[in-house]
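1. Sequence below, structure please.
(one chain, ligands or ions: 2)
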Amino acid sequence: MSRFVDRVKIDVVAGNGGHGCSSVHREKFKPLGGPDGGNGGHGGDVRLVVDPQVHTLLDFHFRPHARGTNGRPGEGGNRNGANGDELVLPVPDGTVVLDSRGQIVADMVGEGTEFIAAQGGRGGLGNAALASRARRAPGFALLGEPGEERELVLELKSVADVGLVGFPSAGKSSLVSVLSAAKPKIADYPFTTLTPNLGVVTAGSDVFTVADVPGLIPGASEGRGLGLEFLRHLERCAVLAHVVDCATLEPGRDPISDIDALEAELAAYKPALDADHSLGDLAHRPRIVVLNKVDIPEADELADLVEADIAERGWPVFRISAVAHKGLAELTFALAEMVREYRATQAKPVARRTVIRPKAVDQNEFTVVPDPAVEGGFIVRGARPERWIRQTQFDNDEAVGYLADRLNRLGVEDALVKNGAVPGASVTIGDVCFDWEPSTPTGEHVPLTGRGTDVRMERNDRVGAAERKVARAMRRQRADAESEDSLGWDGDLPDDDE
Ligand SMILES: Nc1nc2c(ncn2[C@@H]2O[C@H](COP(=O)(O)OP(=O)(O)OP(=O)(O)O)[C@@H](O)[C@H]2O)c(=O)[nH]1
Ligand SMILES: [Mg+2]
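-> Ligands and ions are numbered 1, 2, ... in the order given. Next up, the predicted model:
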């Protein structure tokens, strides 16, 4: 019997982005050749893709950790780092992806449907890409971002073509064992079967699967017995077959009341998944009734009594003995016929080739809230500010200055002022906490400084009138030089965000 795994917890980690490179072009007779550090490559995503060749989540059971490869760092000479390889994990059709809180994040139906389980980190820009009119030769580059890391639960709903519904010890496992090559555990105590087993049945040219699932008892829809677990397995079986024990000696049980009790449980079950699975409502799933154990004379008599009543409901009825191999051929062909009919009426689910992404957040949005842990402190939250923090090399003043400019342009500084932040206040963004110094003067034109430094970091030094005069003269010279400049910088700070 093929081992059948229909629920696994996995841990996916995308590749980290490569760091950008900070480098200066060197060539004979060209002492200051300009920045030529390349960008880091993006980290590889981890993607789940529906593959019709895959039928179980068994592989994930053995290998629950998946990692995309890291992007390569950029290099001098404008060489960009290679992107990391993405990791493609094939999953069976009908896999449902849940996050660690149990929320459904993707319902993967149809061949080729994809889901990005973890997004690779962006590569950092090299100093060549960061150059602008204001920073002609940046002495820093951006760091690559770490890849996303997530814990997910994969659940398989398309268990089989035929699902067996029955009280414990009705003979479900016995039936699967005689219909297919499967060898499930069979014993005369209830709840012998604890996890579903799958049997592959051949009837002429038809092949279909039968799920042997744990027994069901009244109250299952509220979690009694193996209850919900069991119903979850039946949720995606195309045909339901009631296996009825005609030889039970338990008081108060007979075939009709058994069927009624289990039908009530099916009706009370709230499917975990009301998304777009193609099988429709459990109540409308085609049914067949299998009266088992007719090798026992009393059971055979009882079957005689109830057969007509059940047939009145419009369900096909079969009398079999799993042990004595009676009535199996008729049952097999009837099931094959029902499965074939059901498949024909079902429109093939359309593959949603579009990649389902985690909920998009407005990139430009950020919030400033008081920090409950620090008196007078603030926390800034937002996709972009947090990303920029991760990209910053904090041991490089110029990189920190660039970060300050970006935050300022986004309006973080204004928002802090509006919220009553005073200079020196503790501000936390992402993992980093710093003392806020309003960066005035700020703006597009950062005075030219040494590489890896930013004047605003040494604001204590006063600039004398003489120095200002020299600087003005230099700027004028530079302006002249620029008119011959063929590089055509647009004067804006570059932005790496789409
Ligand atoms: N006489 C007779 N006994 C049967 C027949 N089918 C199954 N049994 C017996 O019934 C008992 C229970 O059979 P299982 O196949 O384990 O029943 P099950 O429905 O899978 O039970 P759970 O897994 O506990 O839900 C075993 O002792 C079987 O030998 C049958 O056709 N005739
Ligand atoms: Mg069983």
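
2. Where do the domain boundaries of this protein fall?
-> Following automatic domain parsing, one gets these domains for the chain: 1-156, 162-345, 366-498.

3. Among those domains, pick out the one with the most neighbours on average.
-> Mean neighbour count (mean count of other C-beta atoms under 10 Å) peaks for domain 1-156 among the domains of the chain, with a mean of 21. In this view, the C-beta of every residue, glycine as well, is placed from N, C-alpha and C.

4. Val304: what secondary structure?
-> Rather than Val, residue 304 is Asp. helix (DSSP: H, G, I helix; E, B strand; the rest coil).

5. In terms of pLDDT, where does it sit?
-> With respect to pLDDT, Asp304 scores 87.

6. quick one: which of the domains of the chain is nearest ligand 2?
-> domain 162-345 (3.0 Å; C-beta to the ion).

7. mind checking the end-to-end distance for the closest one?
-> Domain 162-345 has an end-to-end distance of 16 Å (criterion: C-alpha to C-alpha, to the nearest Å).

8. rewinding a little: in terms of mean pLDDT, which of the domains of the chain ranks lowest?
-> Among the domains of the chain, domain 366-498 scores lowest, at a mean of 74.

9. circling back: okay if I get the domains of the chain as TSV plus distance to ligand 1?
-> Shown next, in TSV, are the domains of the chain (distance: least, C-beta to the nearest ligand atom, whole Å):
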stretch	distance to ligand 1
domain 1-156	13
domain 162-345	3
domain 366-498	50
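
10. tell me which parts of the stretch 301-450 of the chain are close to ligand 2?
-> Residues of the stretch 301-450 of the chain lying near ligand 2 by C-beta under 5 Å from the ion: none.

11. meant to ask about the stretch 51-200 of the chain
-> 173, 192-193.

12. of those, closest to Phe333?
-> Closest approach between those and Phe333, by C-beta to C-beta: Ser173, at 21.6 Å.

13. my guess is the closest one contacts Ser180, does it?
-> No. In this structure Ser173 lies outside contact range of Ser180 using C-beta atoms under 8 Å: 11.1 Å.

14. where along the stretch 351-498 of the chain do the strands fall?
-> 355-356, 366-370, 378-382, 426-429, 432-435 (DSSP state E, counting those that start in this stretch).

15. Bridged to Ala203, which residues?
-> Asp206 (DSSP bridges).

16. Check the spacing between it and Gly71 real quick.
-> 52 Å (C-beta to C-beta, to the nearest Å).

17. Could you do Gln53 as well?
-> 30 Å.

18. now do Glu365
-> Taking C-beta to C-beta, one finds Glu365 at 27 Å from Gly71.

19. cool, Ala187 as well?
-> For Ala187, the distance to Gly71 - C-beta to C-beta - is 55 Å.

20. do the same with Val368
-> Taking C-beta to C-beta, one finds Val368 at 32 Å from Gly71.

21. Could I get the residues of the stretch 51-200 of the chain next to ligand 2 in JSON lines, plus columns for secondary structure?
-> Converted to JSON lines, those look like this (three-state DSSP):
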{"residue": "Ser173", "secondary structure": "helix"}
{"residue": "Thr192", "secondary structure": "coil"}
{"residue": "Thr193", "secondary structure": "coil"}
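
22. Of those, just say which sits nearest to Glu337.
-> Looking across those and measuring by C-beta to C-beta, the closest to Glu337 is Ser173, at 23.7 Å.

23. got the contact list for that closest one?
-> 184-186, 192-193, 197, 212 (C-beta atoms under 8 Å, 6 or more residues apart in numbering).

24. Next step: those restricted to strands.
-> Secondary structure from DSSP state E places 197, 212 of the contacts of Ser173 in strands.

25. Out of the contacts of Ser173, the closest to Glu75 would be?
-> Nearest to Glu75 among the contacts of Ser173, with distances taken as C-beta to C-beta, is Asn197, at 54.9 Å.

26. Could I get the full set of helices for this protein?
-> 58-62, 127-130, 172-179, 227-234, 255-268, 297-312, 328-345, 383-391, 397-410, 412-418, 465-483 (DSSP state H).

27. Which neighbouring elements make contact with the fifth one?
-> Going back to what we said before, that points to helix 255-268. Packing contacts for helix 255-268, counted by 3 or more C-beta pairs under 8 Å, 6 or more residues apart in numbering; DSSP states H and E, involve helix 227-234, strand 239-245, helix 297-312.

28. That one to strand 239-245, inter-axis angle?
-> 140 degrees (axes from the mean of the first three to the mean of the last three C-alpha atoms, to 10 degrees).

29. Need the residues that contact helix 255-268.
-> Against helix 255-268 from outside (C-beta under 8 Å, 6+ apart): 165-167, 170, 216, 218-222, 231, 234, 240, 242, 244-246, 248, 282-283, 289, 291, 302-303, 306, 309-310.
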